[in-house]
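**Q** Let's see this in three dimensions:
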Amino acid sequence: MEKEFDPKIVGFFCNWCTAAAADLAGTSRIQYPANVRPIRVMCSGSVDASYVIKALLEGADGVLIGGCHPNDCHYVNGNYKARRRVALLKSIFNTLDLDPDRVWLRWISASEGVRFAKVVRQMTDEIKEKGPNPMGKSTQT
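**A** Residues are numbered from 1 along each chain as shown. Next up, the predicted model:
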């Protein structure tokens, strides 16, 4: 019997918003899949494209970047920087015929524990449908 694919998702979460939402979801006992490996960063704007590419090459099936809502960034415009970087990265992925939908950028504030759980559920389900990341170590020979 073949084992069901269980995706690995690396999450880069803003310390001030998305990481706090993840904490809120946990303390509120909101159920969501345990597929995300969280990495707390001070700002979504500090997530370099090389971190995302490295995560995918090292075996992640998806990358979720969570930041503050527009006009609500602790560092004024870090989330706009993240948005530009992700848009550029997805454009490069399209050019190289790689799947840009394995990288998600979502605005999740500290009070949105329910939204955090919903986003993780949605991403896990979509990545399950796609199957293992063809760029990852586990699929290379």
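
**Q** can you pull out the strands in this structure?
**A** With DSSP state E, the ranges of strands along the chain come out as 9-14, 36-41, 62-67, 103-107.

**Q** Can you add distance to A87 and give those back as JSON lines?
**A** Where C-beta positions appear, they are placed from N, C-alpha and C, glycine not excepted. Formatted as JSON lines, those follow (distance: least, CB to CB, whole Å):
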{"stretch": "strand 9-14", "distance to A87": "16"}
{"stretch": "strand 36-41", "distance to A87": "19"}
{"stretch": "strand 62-67", "distance to A87": "12"}
{"stretch": "strand 103-107", "distance to A87": "9"}
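
**Q** Please produce a markdown table containing the ones you listed, extended by mean pLDDT.
**A** Below are those laid out as a markdown table (pLDDT from 0 to 100):
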| stretch | mean pLDDT |
| --- | --- |
| strand 9-14 | 98 |
| strand 36-41 | 98 |
| strand 62-67 | 98 |
| strand 103-107 | 98 |
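
**Q** just the ones you listed: most buried one?
**A** strand 62-67 (a mean of 28; mean count of other CB atoms under 10 Å).
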